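Undergrad: please find the sequence and the predicted model below.
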Amino acid sequence: MERQRQTGTTKAARTGRTTAASLSFAEMGTLMEKMPAYTRYTSHAPAVAAERVFRRAMGARLKECGDRLLGIVEKKSQIMSGEMEQVVDVLVERIGDIFRRLDREGTVTLVGGSARTIAEIEQIDTRLVLIIEESLALVHNLGTDVPATAWFKSDAPRLARGLGEFNKLTEERNYLLGLGWESEFRKPVRRTT
């Protein structure tokens, strides 16, 4: 073990697998920098602007996952079974579902007591960032020397569960921000200056 540390060869490095901890800080740092400061959600315009920036940053990271999955299917279509392609289609579809939730618009209004709601949203945001980090790591593993069949048996189900959790957390986050599904049917409030 000590020798592995000295030479820098770990099982992950030998197999080409990416772990969440090995993703670059730049990849995730950008997303974390865009996490909103909810205490500043005191008026409509700053809240909407901060939400838009953070949602787009999360969407960009998820788009990377989807693009990588589709790119692998295109490159390796001859060696991938129909079942494997179907799994990728389902994963990409889940990412599309998340985009629809991230695209929710309306008047941002913190639900319930501000301090408690902000704490809940911050917990959700932290979990969302961790899920994105894990998802990127899992998707990067598909393009490595790891046999595709092993990826589809172990990593694809983990990715599917993570995306499912992300979808649920995003809907919960939308609700806490006053952007539940019913926000789609509210008439926009006219602002007079």
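TA: Sure, I can see it. Numbers count the residues shown, from 1 in each chain.

Undergrad: OK, contacts around the residue positioned nearest the centre of the chain?
TA: The C-alpha lying nearest the average C-alpha coordinate of the chain belongs to I132 (Cα atoms, centre = their mean; 3.6 Å). Counting by Cβ atoms under 8 Å, 6 or more residues apart in numbering, I132 touches M28, L31, M58, R61, L62, F166. Using the backbone N, CA and C atoms, a C-beta is placed for each residue, glycine as well.

Undergrad: same question for A47.
TA: Counted by Cβ under 8 Å, 6+ apart, A47 has contacts P36, R40, Y41, V108.

Undergrad: repeat for E122
TA: Y38.

Undergrad: do the same with A156
TA: V87, L91, L138.

Undergrad: so which of the residues you listed are in helices?
TA: Per DSSP state H, helices hold the following members of these: V87, L91, L138.

Undergrad: verify the contact between the second one and L163 for me.
TA: This means L91. Yes. Here L91 lies in contact with L163, judged by Cβ atoms under 8 Å, at a distance of 6.7 Å.

Undergrad: looking at those two, which is more packed in?
TA: Neighbours were counted for L91 and for L163 using other Cβ atoms under 10 Å; L163 has more, 24 against 21.

Undergrad: buried sites along the longest helix along the chain?
TA: As assigned by DSSP H, the longest helix anywhere in the chain is helix 44-75. Within helix 44-75, the residues that qualify as buried are 47, 50-51, 54-55, 57-58, 61-62, 64-66, 69, 72-73, counting by 16 or more other Cβ atoms under 10 Å.

Undergrad: if I look at R55, how far off is A156?
TA: For R55, the distance to A156 (Cβ to Cβ, to the nearest Å) stands at 26 Å.

Undergrad: returning to that earlier point: list just the nearest of the buried residues of helix 44-75 to R116.
TA: Using Cβ to Cβ, the shortest approach to R116 within the buried residues of helix 44-75 belongs to A47, at 17.5 Å.

Undergrad: roughly how far apart are that closest one and R127?
TA: Using Cβ to Cβ, which is the criterion applied here, A47 is 21 Å from R127.

Undergrad: before we move on, what about A60?
TA: 18 Å.

Undergrad: sorry, back to before: okay, who's weakest in the contacts of I132 by pLDDT?
TA: Least confident entry in the contacts of I132, by pLDDT: M28, with 72.
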